[in-house]
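In: Pasting the sequence and the predicted coordinates here, then a few questions.
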Amino acid sequence: MKRIKILILSLLLIAACLTGCGSQTGLQDGYYTAQATDFSHGWKEYITIMVKGGSIVSVEYNAENLSGFIKSWDSAYMQTMFHSNGTYPNEYTRYYAGQLLENQGNGNIDAINGASSSHASFQKLAAAVLEQARLGDSSIVLVDTSH
């Protein structure tokens, strides 16, 4: 009987440690999305993160137009933006998403020259999606990203 009690207490202790250790960031497991309330220059930006074990394991940052076409897939837009700004959506969306993943929502995310407007939007969307993950609220949160 004493062995069973010790085993149960040990299992409870391990479970408590795993639960506490897995959520050091305060993020709850699940998928979370923050989306701009309005379209800007024909695009509506969004961030979707996946949290597993209390850590961000994937980040998608992009924008879509009215038809649902993804901004970083638009080759014509990419060419135009690259020639005028020196960067393009497929570059800066991956960079910003990578920084959020690497920093786990802590620390600053550096802006890329030529994508400072998207950087400002990203910062607002990231703050909102991280708050949703802390709350464990998987509903899409709408964010005013106007500058």
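Out: Yep, that arrived.
In: can we go C-alpha only for contacts and neighbour counts from here?
Out: Fine.
In: Need phi/psi at Leu142.
Out: With angles defined as degrees, to the nearest 10, Leu142 sits at phi -100, psi 130.
In: That one and Gln35 touch, don't they?
Out: Yes. Shown here, Leu142 and Gln35 form a contact pair, counting by CA atoms under 8 Å, at 5.0 Å.
In: okay, these two: which has more neighbours?
Out: Higher neighbour count among Leu142 and Gln35: Gln35, with 26 against 16, using other CA atoms under 10 Å.
In: for the more buried one, what are its contacts?
Out: Lys44, Glu45, Tyr46, Ile47, Leu125, Ile140, Val141, Leu142, Val143 (CA atoms under 8 Å, 6 or more residues apart in numbering).
In: May I ask which helix or strand of the protein has the lowest mean pLDDT?
Out: Taking mean pLDDT, DSSP states H and E as the measure, the chain has helix 2-22 as its least confident helix or strand, at a mean of 49.
In: okay, stretch 94-111 in CSV with CA atoms only?
Out: Below are the C-alpha coordinates for stretch 94-111, written out as CSV (Å, rounded to 0.1, in the frame of the first residue of the first chain):
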residue,chain,number,x,y,z
ARG,A,94,9.5,35.0,-43.3
TYR,A,95,12.0,37.2,-41.5
TYR,A,96,9.4,38.7,-39.1
ALA,A,97,7.8,35.3,-38.5
GLY,A,98,11.2,33.7,-37.9
GLN,A,99,12.1,36.4,-35.4
LEU,A,100,8.8,35.8,-33.5
LEU,A,101,9.5,32.1,-33.5
GLU,A,102,13.1,32.5,-32.4
ASN,A,103,12.4,35.0,-29.6
GLN,A,104,9.2,33.1,-28.5
GLY,A,105,7.4,36.5,-28.3
ASN,A,106,10.1,38.0,-26.1
GLY,A,107,12.4,40.8,-27.3
ASN,A,108,12.4,43.1,-30.2
ILE,A,109,11.9,42.3,-33.8
ASP,A,110,14.1,44.3,-36.1
ALA,A,111,12.5,46.1,-39.1
